[in-house]
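Undergrad: how would this look folded up:
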Amino acid sequence: MTPLSRLLRLFFFFVLLLLAAKSTEIVRPEAAKLPDSEAAALKAVATKLGKRDWNFSVDPCSGSGGWMDSSNNNVTCNCSYANRTVCHIVSIQLSEQNLAGVLPEELSKLTHLSKL
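TA: Next comes the predicted model:
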């Protein structure tokens, strides 16, 4: 076997190894999801503040459905819990929205929230 053919075999081996590693990221048994209790707390916060532009038919941690519209209106999640199957809300940005009222007590149920 020539040195070039050994090098090609080694190259293809690493390419296959890389593809195998990536396939485990792409095909996950279950997408990471926000627990129902946190979604309910977030919905209560929205209701009490009069926030009507959050779409609760979409998981807030999905990154779609209006949950990350701008730097002044977004919910940020950390989805690294329970082997990347569980998300928790870590940040809520509500600036420049003219929201009235006091901070709802339901925010205390978002136990991973570190920035508001």
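
Undergrad: now do the helices in this protein.
TA: Under the criterion DSSP state H, helices of the chain are mapped to 3-26, 36-49.

Undergrad: so what touches the last one?
TA: Right, the one you point to is helix 36-49. Contacts made with helix 36-49 from outside it, assessed by C-beta atoms under 8 Å, 6 or more residues apart in numbering, are listed as 51-52, 54, 56, 59-60, 75, 88-89, 92, 94, 99-101, 104, 106-107, 109-110. C-beta here means a position set from N, CA and C on the backbone, and glycine is covered the same way.

Undergrad: at 6 Å instead, please
TA: When contacts are taken as C-beta atoms under 6 Å, 6 or more residues apart in numbering, the neighbours of helix 36-49 outside the stretch itself are 54, 56, 89, 99, 101, 104, 106-107, 109-110.

Undergrad: residue nearest the centroid of the chain?
TA: The central residue of the chain, meaning the one whose C-alpha is nearest the mean C-alpha position (C-alpha atoms, centre = their mean), is Cys61 at 3.7 Å.

Undergrad: what sits against that residue?
TA: Shown here is Cys61, whose contacts under the criterion C-beta under 6 Å, 6+ apart are 34, 77, 79, 87.

Undergrad: weakest of the helices of the chain by average pLDDT?
TA: Mean pLDDT is lowest for helix 3-26 out of the helices of the chain, coming in at a mean of 61.

Undergrad: picking up where we left off before, just the buried residues from the contacts of helix 36-49, in PyMOL please.
TA: The buried residues among the contacts of helix 36-49 can be selected in PyMOL (16 or more other C-beta atoms under 10 Å) with this line:
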select buried, resi 54+89+106+107+109+110
